[in-house]
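In: Provide a 3D model corresponding to the input given below.
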Amino acid sequence: MSGPESSSADPFGSAAALEGLPSLYASTRDGIDTVLRDRGLRRTTPEDTAGSLLLGAAASSTLEGAPVTADALAEGEGDATARGALRLSGELLSLVPTWSRSPVQAVARMHSLATLGAGDAGRPVNPAGVARLGNLAQVLGRPTTAPGLVIAALVHAEIVTAGAFGTHNGVVARAAERLVMVVTGVDPASVTVPEAGHAAEPDGYRSALEAYGSATAAGTQQWLQYAAQSFTRAVEASPVARGRR
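Out: Numbering: from 1, shown residues only. Here you go, the predicted structure:
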């Protein structure tokens with residue numbers, strides 16, 4: 001990780017404690033729990049998860065400059081980027097054990113799925129980016145006081161900013177964000193659509209990532225403030241939330 005907080009024993013926790021963020025993320029998590037954890041209203045189903053993953057693939061492809069709707073993607077339409085995002089979404093949850101054991105290996109597998117057939121599929125090309133991914137993996141292995149949503153957002157931003165791969169860093173980063181939400185128990189059934197939360201405000205998304213890339217506390221704070229809003233939109237895009245309207 002980058003920025004002044006990277007020297008902390010708990011950089012995730014240090015970032016989560018920046019001004020205004022603890023209450024913001026507590027409120028965001030409460031909103032997610034209201035929709036996803038109220039089992040008295042409705043249980044999530046495998047169809048909810050599949051629908052969320054499809055919506056996420058379409059949104060991620062669109063952010064990557066290959067716009068496609070979920071319906072079109074389900075019908076086999078879309079270019080190589082769209083099909084790669086769909087392929088990755090279809091196998092993403094099977095990577096939970098790999099992520100828990102070796103995040104770098106999981107990230108490489110995500111890239112391989114997203115770029116199947118390309119010469120550099122699963123192979124990082126930027127040594128500095130590889131080093132940052134290794135550092136991220138070390139941080140992920142440490143105890144942290146940060147909530148799962150903050151961890152997910154920082155993993156996302158760090159993978160994008162590291163730029164370890166020649167292409168598709170964004171697709172991989174957004175998939176990793178979703179996976180962390182599963183692993184940390186925020187959304188174990190993966191029925192929110194974080195990719196759609198970002199696609200709803202593409203300019204804000206890119207601006208916040210650019211701020212994070214400045215490697216300052218202010219930039220990290222801006223990204224995390226943006227991400228909290230995006231997680232709220234991710235819940236609104238969920239098939240579960242739509243089913244209750």
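
In: what residue ranges in this protein score low on pLDDT?
Out: 1-7, 38-42, 243-245 (pLDDT under 70).

In: Need the three-state assignment for the most centrally placed residue in it.
Out: Taking CA atoms, centre = their mean as the criterion, E177 is the residue nearest the geometric centre of the chain, at 2.0 Å. Secondary structure for E177, judged by DSSP: H, G, I helix; E, B strand; the rest coil, is helix.

In: Excluding sequence neighbours, find me the nearest residue to it.
Out: Counting by CB to CB, 6 or more residues apart in numbering, H156 is the residue found nearest to E177 once chain neighbours are left out, at 3.8 Å. From N, CA and C alone the C-beta is placed, and that goes for glycine too.

In: Work out for me the element the one you found sits within.
Out: helix 148-162 (DSSP states H and E).

In: CA-only coordinates of that helix, as CSV, when you get a sec.
Out: Presented in CSV, the C-alpha positions along helix 148-162 are these (Å, rounded to 0.1, in the frame of the first residue of the first chain):
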residue,chain,number,x,y,z
GLY,A,148,-14.6,-5.2,5.9
LEU,A,149,-16.0,-2.5,3.6
VAL,A,150,-12.8,-0.4,4.1
ILE,A,151,-10.6,-3.4,3.4
ALA,A,152,-12.6,-4.1,0.2
ALA,A,153,-12.3,-0.5,-0.9
LEU,A,154,-8.6,-0.3,-0.2
VAL,A,155,-7.8,-3.6,-1.9
HIS,A,156,-9.7,-2.3,-5.0
ALA,A,157,-7.8,1.0,-5.1
GLU,A,158,-4.5,-0.6,-4.5
ILE,A,159,-4.8,-3.2,-7.3
VAL,A,160,-5.8,-0.5,-9.8
THR,A,161,-3.0,1.9,-8.7
ALA,A,162,-0.4,-0.8,-8.6
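
In: just checking, what packs against it?
Out: Judged by 3 or more CB pairs under 8 Å, 6 or more residues apart in numbering; DSSP states H and E, helix 148-162 is in contact with helix 11-16, helix 21-36, helix 127-140, helix 169-183, helix 202-212, helix 217-236.

In: could you check the angle helix 217-236 makes with that helix?
Out: Counting by axes from the mean of the first three to the mean of the last three CA atoms, to 10 degrees, helix 148-162 lies at 120 degrees to helix 217-236.

In: just to revisit the earlier point, next up, the contacts around the residue nearest to the centre of the chain.
Out: Listed by CB atoms under 8 Å, 6 or more residues apart in numbering, the contact partners of E177 are A152, A153, V155, H156, P194.

In: All set now, cheers.
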